[in-house]
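A.B. asks: 3D model of this:
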Amino acid sequence: MIGYDLLQMDDLPETAELIAFVRVVDTRSLSRAAKELRLPRSTVGRRLQRLEERLGIRLLKRTTRRQALTDAGAEFYQHARHSVEALERARAIVQRPSGKVEGRVRISVPTGAPDSLGELFGQFSLRHPDVVLEVDASNTHVDLIHGGFDLALRSGPVASTPLNLVSRKLGTNTLVCVATPEYLARAGTPKRPTDLRRHACLSPFVLGETPSLSWPRLKGGSVRIHPRMTSNDMFVLLGAARTSLGIALLPDFLAQAEVAAGTLVRVLAKHIGAQTLLSVVYHERELMPLAVRTLIDFIVETGLPTRQCGAVGVTRAKDPQRPRQR
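C.D. replies: Next up is the predicted model:
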């Protein structure tokens, strides 16, 4: 057999060691992994140690609070997770009726989302009671593989990565400028986009990671601004705008109730704004768990709620794109 002269069977990782390693990475905690596996923490630690000894490499950087992957560990994790998933699927095939939707799905969503997005996930869970959803709110564009996520909902462009991500369009957000009448009475109402340079601007982050120092023009291009405050959470910017701190760039769905009530006023409505794409993003795997595939299809087919739900209030895409490589 190929490879037997180079690698003895005793040197191959044991299944229990691979499962322990994958679960520690997925949960980002030795204690949480031990709890999920229903094992003593010391047992999980010993399995990780034996795995590293067999491979002759360090997989995890251990600190008192977290387990961080080394470069070699990150590469090994991708293959180890696929192996564990294949074993779980094989077991499910022989132990349970074919086609049953079950398992755990980890999802990354923008902060401020949970209200009506939670209703969508609730509807899915009622339909599939054997699926456990783990929803993590963050405006950082997480690394799906290294972060142990199955899919993510993202607002804005999908950042290019070395991974072959697949994105499916769900709809769009509209960004608008707003401020209180009190702020405009005090600081003046801008007439041209360049007037923003002398105003206190409340600015979001780009890709949820770095403060935006320019705002989009409706006809293309952008204008530089001088932020008084920046945040990757739109609700923080909305709250700051209510205090008359400055002019905020917000999703229209988040500001429309305030505008209708007169507590906020649209600013530069014919000049500043943009349509931002909302997508569901995932890593196409040959052995994608049925629960993950079912949830992705459910989100695309059902559509996201348009009521206030953080960064995910959207205009529904009429014809969602089929998966394509990014």
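
A.B. asks: for the stretch 201-326 of the chain, give me the ranges with low pLDDT.
C.D. replies: Scanning the stretch 201-326 of the chain with the threshold set as pLDDT under 70 gives 207-208, 284-287, 304-326.

A.B. asks: endpoints of stretch 244-263, how far apart?
C.D. replies: Terminal residues of stretch 244-263 are spaced 10 Å apart (CA to CA, to the nearest Å).

A.B. asks: let me redo that: stretch 202-214
C.D. replies: Across stretch 202-214, the terminal residues are separated by 11 Å (CA to CA).

A.B. asks: kindly report the same for stretch 240-254.
C.D. replies: Stretch 240-254 stretches 13 Å from its first residue to its last (CA to CA).

A.B. asks: what residues of it count as buried?
C.D. replies: Buried residues in stretch 240-254, defined by neighbour count with 16 or more other CB atoms under 10 Å: 240-242, 244-254. Heads up, the C-betas are built off the backbone N, CA and C, glycines and all.

A.B. asks: ok, stretch 30-39 next?
C.D. replies: For stretch 30-39, the neighbour count (16+ other CB under 10 Å) marks 30, 33-34, 37, 39 as buried.

A.B. asks: show me these that map onto helices.
C.D. replies: Among these, the ones falling in helices (DSSP state H) are 30, 33-34, 37.

A.B. asks: partners of residue 132 in the sheet?
C.D. replies: Residue 132 has these beta-bridge partners by DSSP bridges: residue 104.

A.B. asks: wait, it sits on residue 104?
C.D. replies: Yes - Residue 132 lies in contact with residue 104 (CB atoms under 8 Å); the separation is 4.7 Å.

A.B. asks: neighbours around residue 200, how many?
C.D. replies: Neighbour count for residue 200, taken as other CB atoms under 10 Å: 19.

A.B. asks: and the spatially closest residue to it that is not a sequence neighbour, what does it touch?
C.D. replies: Spatial nearest neighbour of residue 200, chain neighbours left out: residue 246 (3.1 Å); criterion: CB to CB, 6 or more residues apart in numbering. Residue 246 makes contact with 179, 183, 187, 199-202, 228-229, 240, according to CB atoms under 8 Å, 6 or more residues apart in numbering.
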